[in-house]
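# predicted model and sequence follow; I will ask about them next.
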Amino acid sequence: MSNINSQHQEVAMDIGITKKDREKIAEGLSRLLADSFTLYLKTHNFHWNVTGPMFNTLHVMFMDQYTELWNALDLIAERIRALGVAAPGTYREFSKLTVIKESEGKVSAEEMIKQLVAGQEAVTKTARSLFPLVDKAGDEPTADLLTQRMQIHEKNAWMLRSLLEN
């Protein structure tokens, strides 16, 4: 019986997208994954540490948002893998790829909301930036994923932003 792992041959991939385009799309999706993971971590941190008169509202909202983000991480990483590329998965890789800044020290509830609005919008912009390449390559599954992610992040940003209006 032959051992599949010992055969180190790469099986050719022919899904109608060139290797070069698959790698470029996966590079963009890796940035989306890093942004999503960083926003997940920030949202979870704020869930644990929020205080003040809006505690319960924010505690629950943050939990809903970090849970949704956690589930999205798998979808994004699995799309990268389906394109034949290894997905990043370490803090070091994510920190190099993300545009979202970590929060340090004690942050007020209002500042948490502002940072999360900015984070939700940053993820949306990262997703949106991939469309020219995805469209050119005819990568409908990635376009569908990006559309879904943008819809969720735009809605979350709106909901958070509404808490800041008087």
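Now that the structure is in, tell me what you want to look at. Numbers count the residues shown, from 1 in each chain.
# stretch 102-112: how far from the chain's middle?
21 Å (CA atoms, centre = their mean, to the nearest Å).
# same question, stretch 106-120
Per CA atoms, centre = their mean, the centroid offset for stretch 106-120 relative to its chain is 17 Å.
# likewise for stretch 12-23?
From the chain centre to the centre of stretch 12-23 is a distance of 23 Å (CA atoms, centre = their mean).
# for stretch 89-102, same thing?
11 Å.
# only alpha carbons, please: show that stretch as CSV.
Extracted in CSV, the C-alpha atoms of stretch 89-102 (Å, rounded to 0.1, in the frame of the first residue of the first chain):
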residue,chain,number,x,y,z
GLY,A,89,-2.8,31.6,10.8
THR,A,90,-0.4,33.2,13.2
TYR,A,91,-0.5,36.5,15.1
ARG,A,92,2.8,37.5,13.4
GLU,A,93,1.3,36.9,9.9
PHE,A,94,-1.9,38.7,10.8
SER,A,95,-0.2,41.7,12.3
LYS,A,96,1.8,42.2,9.1
LEU,A,97,-1.3,41.9,6.9
THR,A,98,-3.9,43.8,8.8
VAL,A,99,-4.7,47.5,8.6
ILE,A,100,-6.6,47.5,12.0
LYS,A,101,-4.7,48.8,14.9
GLU,A,102,-4.8,47.1,18.3
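# for it, buried residues please.
94, 97-98, 100 (16 or more other CB atoms under 10 Å). For the C-beta atoms, the positions are set from N, CA and C on the backbone; glycine is no exception.
# now, which of those sits nearest residue 80?
Nearest to residue 80, judged by CB to CB, of the buried residues of stretch 89-102 is residue 97 at 11.8 Å.
# quick one: contacts for the residue positioned nearest the centre of the chain?
Taking CA atoms, centre = their mean, the centroid of the chain lies closest to residue 36, which sits 2.5 Å from it. Contacts for residue 36 were tallied using CB atoms under 8 Å, 6 or more residues apart in numbering; they are 69, 72-73, 76, 123, 149.
# that one: what secondary structure?
helix (DSSP: H, G, I helix; E, B strand; the rest coil).
# would you mind measuring from it to residue 165?
26 Å (CB to CB, to the nearest Å).
# sorry, back to before: now the contacts of residue 36 as CSV including pLDDT, secondary structure and neighbour count?
Compiled in CSV, these are given as follows (pLDDT from 0 to 100; DSSP: H, G, I helix; E, B strand; the rest coil; neighbours: other CB atoms under 10 Å):
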residue, pLDDT, secondary structure, neighbour count
69, 97, helix, 26
72, 97, helix, 22
73, 97, helix, 15
76, 98, helix, 23
123, 98, helix, 29
149, 97, helix, 22
